[in-house]
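1. attaching a predicted model along with its sequence, questions to come.
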Amino acid sequence: MGIYEELQQRGLIAQVTNEEKVREMLNEGKATFYIGFDPTADSLHVGHFMALCLMRRLQKAGNRPIALLGGGTGMIGDPSGKSEMRKVLTKETIQHNIECFKKQMSRFIEFGEDKAIMVNNADWLLDLNYVDLLREVGACFSVNNMLRAECYKQRMANGLSFLEFNYMIMQAYDFYTLYQRYGCNFQFGGDDQWSNMLAGRELIRRKLGGDTEDKAESMTITLLLNSQGQKMGKTVGGAVWLDPNKTSPYDFFQYWRNVDDADVIKCLKMLTEVPMEEIALMETWKDSKLNEAKEILAFELTKLVHGEEEAAKARETSHSLFGGSGAAANMPETVVAESDLTDGSISLIKLLTMTGIASSNGDARRQITKDKCISVDDAKITDANAAFTADQLSGEGVVLKKGKKVYHRVHM
């Protein structure tokens, strides 16, 4: 079985431009492919995770990855899947985020001569002359066709800025440039990028002549959605990050350990390297046995992102907490400074927001008084005015608990 057939089995392929050609390219290791990552934050998150896993798989099959960092496109902002305009970032912020991305990507992809390369589209986009771009590229795009693209349709109701309207042209220009500079003949992306990817393929055809099928292909990856049709990778505290300082290895482990029963097999297929034969066996597991599959999923993904040692620690902590033996050394924790206290104490509401257990003060109050799901050192707390002194938080501090699955230690 070739890599293309494996991607099919794992449910990763959404759309392809020419299935026969794509199958041949990937299975024979003929693809020099790119995936773009716009540096909109200082860490990659679960939304990027499947793309990184795909790059890893394809590289092992003999294909050559190009990780394209969007130092240029990041200054515009992709409107795909957004109901409103993204915040415009400074050059300094974008550069800082790019440096963070570089470190994280090296855990997934092997960079080096004749292996994988990392490039930044700021190197060609920021030096473009506007009039020259209009003359060279503008004539290749139909505004009517662009407005029919799904990524723009979603924004038309609330107002699509001319800034964002240019995003498709910039992404198409990336493919065109990568094709010429690095022999890049393939683009991958999420299924919401299909229109942008077709635009790049068409630009190559129109600018360089000949049949598109002889020059470049594209394939979209199935979006990682839960059984309710929502994108996975979000918690009440925000995104699930790959940076251990933003989402601890334990919290990362627990996110996957707690996926819905309906989603665990899909996640094993799409994200892990567990053989399909083993996953097929897990599909027959029911009820409590399915928890074993969830733990395999959590361990494999945590190992991939944070290393085997951290994955083992996270699993040990989970067993300790949920096995009834109390708090464990590897539990995620937050340190409270003197400056966080007011008149010698800090409110439970503030602690819940500081730790990310609650997304806001209102959410924290609701969890305490309405949902009644907050405990401190195993004692249920229903008073929204509860507070803790420096003495109470000294030493090992206190353990906040939300429901049965979320633990967090807080100490001075």
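-> In hand now; what should we look at? Residues are numbered from 1 along each chain as shown.
2. which residues touch Asp260?
-> If you count contacts by C-beta atoms under 8 Å, 6 or more residues apart in numbering, Asp260 has them with Asn226, Ser227. Heads up, the C-betas are built off the backbone N, CA and C, glycines and all.
3. now it: how far from Ala364?
-> 25 Å (C-beta to C-beta, to the nearest Å).
4. so where is the stretch 151-300 of the chain shaky, pLDDT-wise?
-> By pLDDT under 70, the low-scoring segments of the stretch 151-300 of the chain are 151, 154-155, 157, 210-214, 234-238.
5. which residues of it fall in helices?
-> For the stretch 151-300 of the chain, applying DSSP state H, counting those that start in this stretch gives helices covering 162-165, 167-182, 194-208, 249-257, 261-271, 276-282, 289-306.
6. what is the fifth one packed up against?
-> With contacts defined as 3 or more C-beta pairs under 8 Å, 6 or more residues apart in numbering; DSSP states H and E, helix 261-271 has these neighbours: helix 46-60, helix 276-282, helix 289-306.
7. before we move on, back to that, which of the helices of the stretch 151-300 of the chain sits closest to Leu133?
-> helix 167-182 (7.8 Å; C-beta to C-beta).
8. packing partners of that closest one?
-> With 3+ C-beta pairs under 8 Å, 6+ apart as the test, helix 167-182 has strand 32-37, strand 64-69, strand 117-120, helix 122-125, helix 150-156, helix 194-208 packed against it.
9. check these for me and report the most buried one.
-> Mean neighbours per residue, mean count of other C-beta atoms under 10 Å, is largest over those for strand 64-69, with a mean of 24.
10. okay, now the domains of the protein?
-> 3-221, 234-322, 333-411 (automatic domain parsing).
11. what's the spacing between the longest one and its chain's center?
-> What that stands for is domain 3-221. 15 Å (C-alpha atoms, centre = their mean, to the nearest Å).
12. what's the end-to-end length of it?
-> 14 Å (C-alpha to C-alpha, to the nearest Å).
13. ok, now which ones touch the residue nearest to the spatial centre of the chain?
-> By C-alpha atoms, centre = their mean, the chain has its centre lying nearest to Gly47, at 2.2 Å. Taking C-beta under 8 Å, 6+ apart, we find Gly47 in contact with Leu224, Lys231, Gly233, Ala239.
14. count of neighbours near the second one?
-> So the one you mean is Lys231. 14 (other C-beta atoms under 10 Å).
15. for it, which non-adjacent residue is closest in space?
-> Leu225 (6.0 Å; C-beta to C-beta, 6 or more residues apart in numbering).
16. that neighbour and Met232 touch, don't they?
-> Yes. The pair Leu225 / Met232 is scored as a contact, 6.6 Å apart, by C-beta atoms under 8 Å.
17. out of those two, which sits in the busier spot?
-> Remark: of Leu225 and Met232, Met232 carries more neighbours, 23 against 12, as counted by other C-beta under 10 Å.
18. where does the closest residue to Ala149 other than its chain neighbours sit relative to Leu7, distance-wise?
-> Leaving aside its chain neighbours, Ala149 sits nearest to Ser195 (3.5 Å; criterion: C-beta to C-beta, 6+ apart). Distance, Ser195 to Leu7, using C-beta to C-beta: 22 Å.
19. can you check Asp263 too?
-> Distance from Asp263 to Leu7, by C-beta to C-beta: 19 Å.
20. Tyr173 too?
-> Distance from Tyr173 to Leu7, by C-beta to C-beta: 28 Å.
21. and those two? Which one has more around it.
-> Shown here are Tyr173 and Leu7; by other C-beta under 10 Å, Tyr173 has more neighbours (25 against 22).
22. as CSV, the helices of the stretch 151-300 of the chain with distance to Tyr130 would be great.
-> Shown next, in CSV, are the helices of the stretch 151-300 of the chain (distance: least, C-beta to C-beta, whole Å):
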stretch, distance to Tyr130
helix 162-165, 12
helix 167-182, 11
helix 194-208, 17
helix 249-257, 43
helix 261-271, 41
helix 276-282, 50
helix 289-306, 41
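23. mean neighbour count, the ones you listed: which tops it?
-> helix 249-257 (a mean of 24).
24. show the contacting residues for the residue nearest to Met50 when sequence neighbours are not counted.
-> Of all residues not flanking Met50 in the chain, Leu224 sits nearest, at 5.3 Å (C-beta to C-beta, 6+ apart). When contacts are counted by C-beta under 8 Å, 6+ apart, Leu224 is found next to Val46, Gly47, Phe49, Met50, Lys231, Met232, Gly233, Cys267, Met270, Leu271.
25. helices of the stretch 301-412 of the chain, residue ranges please.
-> 308-322, 348-355, 361-366, 390-393.
26. tell me which of those lies nearest to Phe111.
-> Between the helices of the stretch 301-412 of the chain, helix 308-322 lies closest to Phe111; by C-beta to C-beta that is 21.3 Å.
27. for that closest one, C-alpha coordinates in CSV please.
-> Below are the C-alpha coordinates for helix 308-322, written out as CSV (Å, rounded to 0.1, in the frame of the first residue of the first chain):
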residue,chain,number,x,y,z
GLU,A,308,8.3,10.3,25.4
GLU,A,309,9.5,11.4,28.9
GLU,A,310,6.9,14.1,29.2
ALA,A,311,4.2,11.9,27.8
ALA,A,312,5.0,9.2,30.4
LYS,A,313,4.9,11.9,33.2
ALA,A,314,1.5,13.1,32.0
ARG,A,315,0.1,9.6,31.9
GLU,A,316,1.5,8.9,35.4
THR,A,317,-0.1,12.1,36.7
SER,A,318,-3.4,11.2,35.1
HIS,A,319,-3.3,7.7,36.7
SER,A,320,-2.5,9.2,40.1
LEU,A,321,-5.2,11.8,40.0
PHE,A,322,-8.0,9.7,38.6
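28. so which elements touch it?
-> helix 249-257, helix 289-306.
29. of all the ones you listed, which lies closest to Asp127?
-> helix 289-306 (35.3 Å).
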